[in-house]
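Q: structure of the sequence below:
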Amino acid sequence: MNPKHFNFALLALATGLCLGSPTCRAEQDVSGLNARKPQTWVRDAVIYEIFPRNFSAGGDFNGITARLDELKSLGVDVLWLMPIHPIGAKFRKGEFGSPYAIKDYYALNPDYGTTNDFKKLVTEAHARGLKIILDLVANHTAWDSVMMAHPEFYKQDASGKVTPPVPEWTDVAGLNYASPKLREYMIAMLKHYVTAFGVDGFRCDVAYMVPTDFWEQARAELEKIKPDILMLAEATKPELLVKAFDLDYSWPLHATLNKVLLEGAPATEFRRSWEESLKQFPHGSLHLRISDNHDEARAVARFGIRGALAAEALMLTLDGVPLLYNGMEVGDAAESGDPALFGKMPIFWSPKERPPLRDTYRELIKLRKQYAPFRNDRVVWLRNSDEANLVTFMRLDAKDEFVIVINFSSRPQIGWVEVMHDHEFKAIKFPGMPEPPLNGFPMFRLQGYEWRIYHRVVPK
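A: Take a look at the predicted model:
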């Protein structure tokens, strides 16, 4: 999204609340309904977010294509490309401008390459079994957008002046979904990228600020040409998951990471946040689990290397769909969010004195793909000896049980977890992590921010 310039917008994004926004209406209570059922490949996915401008030194499509084998080896399934369209010049912020200030949805950013370059990227990704989803900025455009030829497409004040969607977002103009012609334009554009380029879906920017009925209308039209399309909402708005979207952002859980790791909140906040979402959302809702993304400072900058690894270990072992962002597998610490989003800061692929994060993430993803319990929605929270600092839970099915133990304190911890058949669990070794003891479970000794996963095969 356009970086969040004021606290009300951040709060609205994190909670899905209207907060007086003219674009938002009272939400429906959908907690008693079922969420739409995503395709199996969506539920099983690991998504990797790419900022094309910063992903390579060249900052283009070919720079992404050149690293597809590395991404495939990492184990990710879906590549989400941040906006790939030309950026407006009018009221631009920074040297390059925000990629969320789009001048022409039907065009490609010339800095990223040609139409053929983009087609090659999609073709080569598909050849490796990777899906491609595009960042859809449906809430606003640049002030010099080609769509300004249709002022009825835009929100206007009482004097007829086009307005930004939020006063502080001065580099973009808000779109007006009361216009049937705008809806037709946007849906036709989405169909274009599916039919002309073969993209597999869309990550929809600030989806809570666009009317839910538009998303439902767009989904229905897109499914006519691509029944298994992926729709990801950047929102925490339960009604969006009933018909329109396969999954949304787990912003509340992400906010909890900051509260625990930066503000000293107890680790029990993770369970509280998870259970609160369970109550609010339709049954079977699927959430994107994020510890790092383009809207904030990098996780390694916020939490330190070990804290960032602990945070992502939680995201890769909880229910939902985990996200990795633009070089986090090498511990890249280049600035992100506002104002870095308006500049160019390429990933440094060989940072000094980093643990083998790529190997650690690769093995976590491999474990997730090998064992079905990590891809179902069964999470059992377990009692432990220090719940203010330790997070302990089980992922399970009829064949396998896994106990995840994470120390969210910077201090060493000696403790225990309460679980049945404890003597049958064995610790799993991960590259870059201390060698786990061969026995002793359910007792354990963890260094600061250390985590461990234990496995038990359920007898037949």
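
Q: give the contact list for residue 105.
A: The contact partners of residue 105, taken as Cβ atoms under 8 Å, 6 or more residues apart in numbering, are 85, 141, 147, 186, 189. For glycine as for every other residue, the C-beta is placed from the backbone atoms N, C-alpha and C.

Q: most neighbours of all those, which one?
A: Highest neighbour count within those, by other Cβ atoms under 10 Å: residue 141, with 25 neighbours.

Q: may I have the beta-bridge partners of it?
A: residue 173 (DSSP bridges).

Q: quick one, what contacts it?
A: Residue 141 makes contact with 88, 101, 102, 103, 105, 147, 148, 172, 173, 175, according to Cβ under 8 Å, 6+ apart.

Q: how about the contacts of residue 105 in a markdown table, adding secondary structure, distance to residue 209 and pLDDT?
A: Shown next, in a markdown table, are these (DSSP: H, G, I helix; E, B strand; the rest coil; distance: Cβ to Cβ, whole Å; pLDDT from 0 to 100):
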| residue | secondary structure | distance to residue 209 | pLDDT |
| --- | --- | --- | --- |
| 85 | coil | 19 | 98 |
| 141 | strand | 13 | 98 |
| 147 | helix | 17 | 98 |
| 186 | helix | 14 | 98 |
| 189 | helix | 18 | 98 |
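
Q: from those residues, which is closest to residue 257?
A: Each of the contacts of residue 105 was scored against residue 257 by Cβ to Cβ, and residue 85 proved nearest at 31.0 Å.

Q: from memory that closest one sits against residue 108, does it?
A: Yes: with contacts counted by Cβ atoms under 8 Å, residue 85 reaches residue 108, the gap being 6.6 Å.

Q: low pLDDT regions in this structure?
A: Applying pLDDT under 70 to the chain flags the ranges 1-26.

Q: tell me which stretches of it form helices.
A: For the chain, applying DSSP state H gives helices covering 7-15, 40-43, 52-55, 61-65, 68-74, 115-127, 180-197, 212-225, 251-263, 268-280, 299-317, 357-370.

Q: quick check: buried residues in the last one?
A: Within helix 357-370, the residues that count as buried by 16 or more other Cβ atoms under 10 Å are 357, 358, 360, 361, 362, 363, 364, 365, 367, 368.

Q: centre of the chain versus that helix, how much separation?
A: Computed by Cα atoms, centre = their mean, to the nearest Å, the separation of helix 357-370 from the middle of its chain amounts to 18 Å.

Q: cool, the longest one as well?
A: Centroid separation between helix 299-317 and its chain, computed with Cα atoms, centre = their mean, is 14 Å.

Q: tell me which other helices or strands it touches.
A: Contact here means 3 or more Cβ pairs under 8 Å, 6 or more residues apart in numbering; DSSP states H and E; on that basis helix 299-317 packs against helix 251-263, strand 287-289, strand 321-325, helix 357-370, strand 400-407, strand 451-457.

Q: of those, flag the one that's most buried.
A: Highest mean neighbour count of the helices and strands packed on helix 299-317: strand 321-325, a mean of 25 (counted as mean count of other Cβ atoms under 10 Å).

Q: buried residues in stretch 62-74, which are they?
A: 62, 63, 64, 65, 67, 68, 71, 72, 74.

Q: break this structure down into its domains, please.
A: By the record's domain assignment, the chain is partitioned as 7-370, 379-457 (automatic domain parsing).

Q: tell me which of these sits most buried.
A: domain 7-370 (a mean of 19).

Q: which residues does the spatially closest residue to residue 386 that is not a sequence neighbour bridge with?
A: Of all residues not flanking residue 386 in the chain, residue 415 sits nearest, at 5.4 Å (Cβ to Cβ, 6 or more residues apart in numbering). Note on residue 415: beta-bridge partners by DSSP bridges are residue 444.

Q: how close does residue 415 get to residue 440?
A: To residue 440, residue 415 is 11 Å away according to Cβ to Cβ, to the nearest Å.

Q: likewise residue 110?
A: Residue 110 is 60 Å from residue 440, where distance means Cβ to Cβ.

Q: try residue 220
A: Relative to residue 440, residue 220 is positioned 55 Å away (Cβ to Cβ).

Q: do the same with residue 287
A: In terms of Cβ to Cβ, residue 287 sits 34 Å off from residue 440.

Q: am I right that residue 226 is in contact with residue 190?
A: No: assessed by Cβ under 8 Å, residue 226 is found out of contact with residue 190, at 10.0 Å.

Q: just to revisit the earlier point, so who does the residue nearest to residue 386 touch?
A: Contacts for residue 415 (Cβ under 8 Å, 6+ apart) come out as 384, 385, 386, 390, 443, 444, 446.
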